[in-house]
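K.L.:
predicted structure and sequence below. I'll ask about it afterward.
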Amino acid sequence: MKIYLATGNKNKKKEMMELLPEHTIVIPSDENIAFDPDETGSTFYENSLIKAKALYDIVHCPVIADDSGISVDALNGEPGIYSSRYAGPDFMHGKPDGKKISQDEQNQFLIEQTNQVEKSGNFPKMEYLHGNRSCHYTCAMVLYCGPDRLFVAQETFEGSLIGSISEAAGTGGFGYDPIVYLPEYQRTVAQLSADEKNAISHRGKAVKVIKKIIDDLYKNN
């Protein structure tokens, strides 16, 4: 079945193709569709729904959209939904002109900010699964089949932020993956194979839920 993926991120398309190999995954740029909705939601779910509905209104076919990001506990869950726009301590929710900095800069800023909190000892009061540097990814995924038929899955993926940018490791994955360490694997997310990551990641777990729904809805297609 042909499913549209509401993203311009080719890395996300690649992951989705690995997770749903029996379906044809198409992103807007594959069909020269102009697609850049304003993500004005205050939660991962709200942003994923905005993207899903916006693309569905164009293609009128099943759409999957996700909104995901990294939350660092020591930073009160920042950058969260602003992960792709995060530009350091002065621009936690993105620069006013909308320009994004490189992923390498984002990674370095995030580590430096966390280091400053750790040095000061001024931690927010919350549960820390992996010590003072605990963090997690969140993925809210929407399968949008029409205004009266939509389905949502939200999952997390727990880890710990490395202590220095010099410790960044791995060439797999994308985004913040090289700086998120998994104590149980003794590797960063970027050091996992695609199969390993897809089995345990926030997006991989959300897709499993959505895949079952797709199979149930379109079993005869």
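P.N.:
Received the coordinates, thanks. Numbering: from 1, shown residues only.
K.L.:
quick check, central residue of the chain?
P.N.:
Taking CA atoms, centre = their mean as the criterion, Ser68 is the residue nearest the geometric centre of the chain, at 2.7 Å.
K.L.:
so that one lies in a helix, does it not?
P.N.:
No. Using DSSP: H, G, I helix; E, B strand; the rest coil, the assignment for Ser68 is strand, not a helix.
K.L.:
what residues does it make contact with?
P.N.:
Applying CB atoms under 8 Å, 6 or more residues apart in numbering, we find Ser68 in contact with 44, 83, 137-140, 202-203. For the C-beta atoms, the positions are set from N, CA and C on the backbone; glycine is no exception.
K.L.:
burial measure for Asn122, as a count.
P.N.:
One way to gauge burial is a neighbour count; for Asn122, by other CB atoms under 10 Å, it gives 9.
K.L.:
how many neighbours does Glu39 have?
P.N.:
As a burial measure, the neighbour count of Glu39 was computed by other CB under 10 Å and equals 16.
K.L.:
give the contact list for it.
P.N.:
47, 50-51, 67, 81.
K.L.:
quick one: the closest residue to Ser48 other than its chain neighbours and Asn47, what's the gap?
P.N.:
Sequence neighbours aside, Asp67 is the residue nearest to Ser48 in space, at 4.1 Å (criterion: CB to CB, 6 or more residues apart in numbering). From Asp67 across to Asn47, the span is 4 Å (CB to CB, to the nearest Å).
K.L.:
and the contacts of the longest helix seen in the chain?
P.N.:
The longest helix of the chain (DSSP state H) is helix 103-120. Helix 103-120 is contacted by residues 70, 72, 74-75, 79, 86-89, 101, 123, 132-133, 161-165, 168, 174-176, 178-179 when judged by CB under 8 Å, 6+ apart.
K.L.:
these in helices, which ones?
P.N.:
Filtering these for helices - DSSP H - leaves nothing at all.
K.L.:
now the end-to-end length of stretch 87-97.
P.N.:
Looking at stretch 87-97, the gap from its leading to its trailing residue is 12 Å under the measure CA to CA, to the nearest Å.
K.L.:
ok, back up a step: the more surrounded of Asp67 and Asn47?
P.N.:
More neighbours sit around Asp67 than around the other of Asp67 and Asn47, counting by other CB under 10 Å; the figures are 27 against 23.
K.L.:
pLDDT weak spots in this protein?
P.N.:
The chain contains residues with pLDDT under 70 at 126-130, 220-221.
K.L.:
which non-adjacent residue is nearest Ser71?
P.N.:
With CB to CB, 6+ apart as the criterion, Ser71 has its nearest non-adjacent residue at 4.2 Å, and that residue is Gly77.
K.L.:
pull up the overlap in contacts between Asp67 and Asn47.
P.N.:
Contacts common to Asp67 and Asn47, judged by CB under 8 Å, 6+ apart, are 39, 41, 81, 140.
K.L.:
between those, which is nearest Lys2?
P.N.:
Proximity of the shared contacts of Asp67 and Asn47 to Lys2, judged by CB to CB, is greatest for Ala140, which lies at 22.8 Å.
K.L.:
in this protein, what residue spans correspond to strands?
P.N.:
Listed in chain order, the strands of the chain (DSSP state E) span residues 2-5, 24-26, 63-72, 78-79, 129-132, 134-144, 150-161, 180-182, 187-188.
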